[in-house]
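Trainee: Have a look; sequence and predicted model below, questions after that.
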Amino acid sequence: MENERDYNDSRITTEKALQMLKSEGLEVTFEQAEEILYFLRKIANIAVLKHLNKTE
């Protein structure tokens, strides 16, 4: 996976995301959890940027 940013200092680690998904009944691999977390971070960044651009 090619990350545009380094998310190693993020509050939610891949291990934590895997644990959270498993607790909701979703069986995913470590790599899948990593991809899901990356996708959610990108969506969150887009939403924040869109909101900040709208308020200017």
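Mentor: Sure thing, it's come through.
Trainee: how close does the residue most central in space within the chain get to residue 28?
Mentor: The centre of the chain sits closest to residue 37, judged by Cα atoms, centre = their mean, with a distance of 2.6 Å. Using Cβ to Cβ, to the nearest Å, we find residue 37 at a distance of 10 Å from residue 28. C-beta coordinates here come from the backbone N, C-alpha and C atoms, glycine included.
Trainee: re the thing from before, in space, what's closest to the residue nearest to the centre of the chain - neighbours in sequence excluded?
Mentor: Leaving out its chain neighbours, the residue that sits closest to residue 37 by Cβ to Cβ, 6 or more residues apart in numbering is residue 17, at 4.6 Å.
Trainee: ok so, going back, element containing the residue nearest to the centre of the chain?
Mentor: Assessed by DSSP states H and E, residue 37 sits inside helix 30-55.
Trainee: by contact count, what packs against that helix?
Mentor: Packing partners of helix 30-55 (3 or more Cβ pairs under 8 Å, 6 or more residues apart in numbering; DSSP states H and E): helix 14-23.
Trainee: Can you name every helix or strand that the helix it packs on contacts?
Mentor: Counting by 3+ Cβ pairs under 8 Å, 6+ apart, helix 14-23 packs on helix 30-55.
Trainee: quick one: average confidence on the helix it packs on?
Mentor: Mean pLDDT, helix 30-55: 93.
Trainee: and that helix, how far from the chain's centre?
Mentor: Chain-centre distance of helix 30-55: 6 Å, with Cα atoms, centre = their mean, to the nearest Å.
Trainee: just stretch 29-47 next, same as before
Mentor: For stretch 29-47, the distance to the chain centre is 3 Å (Cα atoms, centre = their mean).
Trainee: same thing with stretch 46-56?
Mentor: Counting by Cα atoms, centre = their mean, stretch 46-56 comes out at 19 Å from the chain centroid.
Trainee: okay, now residue 22: neighbour count?
Mentor: Residue 22 is flanked by 12 other residues according to other Cβ atoms under 10 Å.
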